[in-house]
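Chemist: this is a predicted model, with the sequence first.
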Amino acid sequence: MRGRPPSCNSQKSLGGGLGGKPFLQIVFPPKKTLMITHIVFFKLKDGTREKVEKAAQVLRGLDGRIGELKGLEVGLDVVRAERSFDIALVARFSSIADLRAYQTHPEHSPVVRYMNEVCGSIAAVDYESGD
C-alpha cells in the first residue's frame, strides 16, 4: 500500500449513511516527526583504554548542557579491530537549525578542540530519522 499524499487529511469519511453518519471511516496514523541524527566516529592517536575512557567522558559531559541536544549516546568499540573507530557518538536534534546551533554552542567548542587534539581520524554523518 502506498503512503498517503501530503495533502490528505488524517481522517476521511466515505459515503453517507442513515442520520448523516458515514458508511466507512478511514483514520490515518499521525505523521512521524522527523529528527536529525548526528553520528560521529572517533579514532584516537593513542587508543589505550585510559585515553579512550577519558575522551568518552569529555563527550558525555555535553549531556544536559546544550538545550538543542535532545539525546546523546556515547559508546566504546568492543571489537577493537584495525578498521574500528574507538568511540561513537550519536546525538539527536529536532531540526537542522538545532544541529547547527549545537555545533556553534560555546559548550561544544572546547570539546571539539579536545577531540581534534587527541584524534587521528574523525568521521561524521547527519541524516533524518523517525522519532
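Modeler: Right, received. Where do you want to start? Numbers count the residues shown, from 1 in each chain.
Chemist: low-confidence stretches in this structure?
Modeler: 1-23, 31, 131 (pLDDT under 70).
Chemist: now do the phi/psi pair for the spatially most central residue of the chain.
Modeler: Residue closest to the average C-alpha location in the chain (C-alpha atoms, centre = their mean): residue 37, at 2.2 Å. Note on residue 37: backbone dihedrals following degrees, to the nearest 10 are phi -110, psi 130.
Chemist: thinking it is in contact with residue 89, fair?
Modeler: No - Residue 37 is beyond contact range of residue 89, at 10.9 Å (criterion: C-beta atoms under 8 Å). C-beta here means a position set from N, CA and C on the backbone, and glycine is covered the same way.
Chemist: if you count neighbours, what's buried in stretch 85-104?
Modeler: By neighbour count on 16 or more other C-beta atoms under 10 Å, the buried set for stretch 85-104 is 85-89, 91-93, 98-99, 101-102.
Chemist: same question, stretch 57-64
Modeler: 58-59, 62.
Chemist: what's the first-to-last distance across it?
Modeler: With C-alpha to C-alpha, to the nearest Å as the measure, stretch 57-64 spans 14 Å from end to end.
Chemist: what about the residue nearest to residue 130 when sequence neighbours are not counted, how many residues nearby?
Modeler: Of all residues not flanking residue 130 in the chain, residue 32 sits nearest, at 4.6 Å (C-beta to C-beta, 6 or more residues apart in numbering). Using other C-beta atoms under 10 Å, residue 32 has 9 other residues around it.
Chemist: residue boundaries of the strands in this protein?
Modeler: Counting by DSSP state E, the segments of the chain that form strands are 11-14, 24-27, 34-44, 71-76, 87-93, 119-130.
Chemist: now the angle from the helix ranked longest in the chain to strand 71-76?
Modeler: Using DSSP state H, we find that the single longest helix of the chain is helix 49-60. Helix 49-60 and strand 71-76 are oriented at 170 degrees to each other (axes from the mean of the first three to the mean of the last three C-alpha atoms, to 10 degrees).
Chemist: okay, the angle between helix 49-60 and strand 87-93?
Modeler: For helix 49-60 against strand 87-93, the angle by the same axes, to 10 degrees is 10 degrees.
Chemist: returning to what we had before: for the residue nearest to the centre of the chain, list each beta-bridge partner.
Modeler: Note on residue 37: beta-bridge partners residue 92, residue 127, judged by DSSP bridges.
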